[in-house]
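# Any chance you could fold what I've pasted below:
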Amino acid sequence: MRTLPLKLLSPAKLNLRLIVGKKRKDGYHAIETLFERISLCDVIRLRSYAGAVRVESDSPGIPKGPSNLARRAADILKKTTGCRRGCVIRIEKRIPVRAGLGGGSSNAATVLVGLNRLWKLGLSRKALLRLGAELGSDVPFFLLEKPFAVGRGRGEKLTAVRAGRRRFWHCVVKPPFSLSTRGVYRNFDRLTPPRPDARIIVRDPLSQPLFNSLEVAVNNRVITIRAIKDELIRRGARSALMSGSGSCVFGIFDGKAAAQKAARDLRKAHRTWRTFAVHTF
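Model (predicted):
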């Protein structure tokens, strides 16, 4: 009997604050960041079968081999548990790639959760978080399944933030270029002096101003990033910031209507920009 596919949402994230510290011995940077999960989602469909692990996508630019984080998530589950099942992972891509929104990490987390259920592996949340940290620094945040969290270490040491019913509306802008995380961090090391380990005393992190250490390190794209931020402010955003290592920029708006209007207007004014009106998820 053919197994029915499991359909799961795979949400993106924003970094409301990102403070980058010095480079560690393992090659990663010490960071302190405030994550927000948002309603811009890929769709992951998982189907178990007796063959190998296979990745499919409606986006031609998505790698299908071992470099794909979703594929690696399935592989690490099989290796850890000894499971001999295979699966088809179909990724319906909505989150822009190489954009600072964590799409690949979210896909990996979604596959870990989905295959744990589909293959009836019975792994605990703690075990999944440990596997997620092996796959990437942002993966554990998506496994936490909380709307906000503070990330420390390289981002994998998480503290959930109690936000009550608080929810933000954003207009997210994807310019017509992507940025390499490795390249941005390399520029950061070249442009900035060594810094102490990143530390923030967090009482009410959602009331703190937006900040991203990496905005100075996007090289010849600084002017474009700044121009997008200025456009968002002119169209009603309370504040604006580049997310993660870029290239996406977001603004915080006073409600759904304002965010949607900004997204529409910016899309008309700048035909090469992709825009999304999204909220805390």
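# which intervals of this protein have sub-threshold pLDDT?
1-3, 193-203 (pLDDT under 70).
# mind listing the strands in it by residue range?
6-23, 29-49, 53-57, 86-92, 148-152, 157-160, 169-174, 211-212, 239-242, 249-253, 274-279 (DSSP state E).
# Next, the angle from the fourth one to strand 29-49.
Read that as strand 86-92. For strand 86-92 against strand 29-49, the angle by axes from the mean of the first three to the mean of the last three Cα atoms, to 10 degrees is 120 degrees.
# quick one on the thing from earlier: what's the closest of the strands of the chain to residue 227?
strand 249-253 (9.3 Å; Cβ to Cβ). Any C-beta I mention is one placed from the backbone N, CA and C, and that applies to glycine too.
# Other residues contacting the closest one?
Identification of contacts with strand 249-253 by Cβ atoms under 8 Å, 6 or more residues apart in numbering yields 14, 168-173, 175, 210, 225, 228-229, 232-233, 235-243, 259, 262.
# Quick one, which of the residues you listed are buried?
Buried by 16 or more other Cβ atoms under 10 Å: 14, 168-173, 175, 210, 225, 228-229, 232, 235-237, 240-243, 259, 262, out of the contacts of strand 249-253.
# Closest to the centroid, which residue in the protein?
By Cα atoms, centre = their mean, the chain has its centre lying nearest to residue 102, at 2.0 Å.
# Look up phi and psi at it.
Torsion angles at residue 102 (phi, psi; degrees, to the nearest 10) stand at phi 70, psi 30.
# tell me the contacts of it?
Residue 102 neighbours (Cβ under 8 Å, 6+ apart): 12, 13, 95, 138, 141, 142, 244.
# So which other helices or strands are in contact with the helix ranked longest in the chain?
Using DSSP state H, we find that the single longest helix of the chain is helix 103-118. If contacts are counted by 3 or more Cβ pairs under 8 Å, 6 or more residues apart in numbering; DSSP states H and E, helix 103-118 sits against strand 6-23, strand 29-49, helix 69-81, strand 86-92, helix 125-135, helix 139-144.
# Now do the third one: distance to the chain's middle.
Helix 69-81 sits 19 Å away from the centroid of its parent chain (Cα atoms, centre = their mean, to the nearest Å).
# residues in contact with residue 255?
Applying Cβ under 8 Å, 6+ apart, the residues near residue 255 are residue 169.
# roughly how far apart are it and residue 279?
Residue 255 sits 10 Å away from residue 279, going by Cβ to Cβ, to the nearest Å.
# and if you look at residue 135?
27 Å.
# Between these two, tell me which one has more neighbours.
A direct count of neighbours by other Cβ atoms under 10 Å for residue 135 and residue 279 places residue 135 higher, at 22 against 17.
# Who are the contact partners of that one?
69, 72, 73, 76, 105, 108.
# Count residues in the vicinity of the last one, would you?
Same thing as residue 108. 29.
# right, and it touches residue 67 too?
No - taking contacts as Cβ atoms under 8 Å, residue 108 lies outside contact range of residue 67: 11.9 Å.
# Tell me the buried residues in stretch 100-120?
100-116, 118-119.
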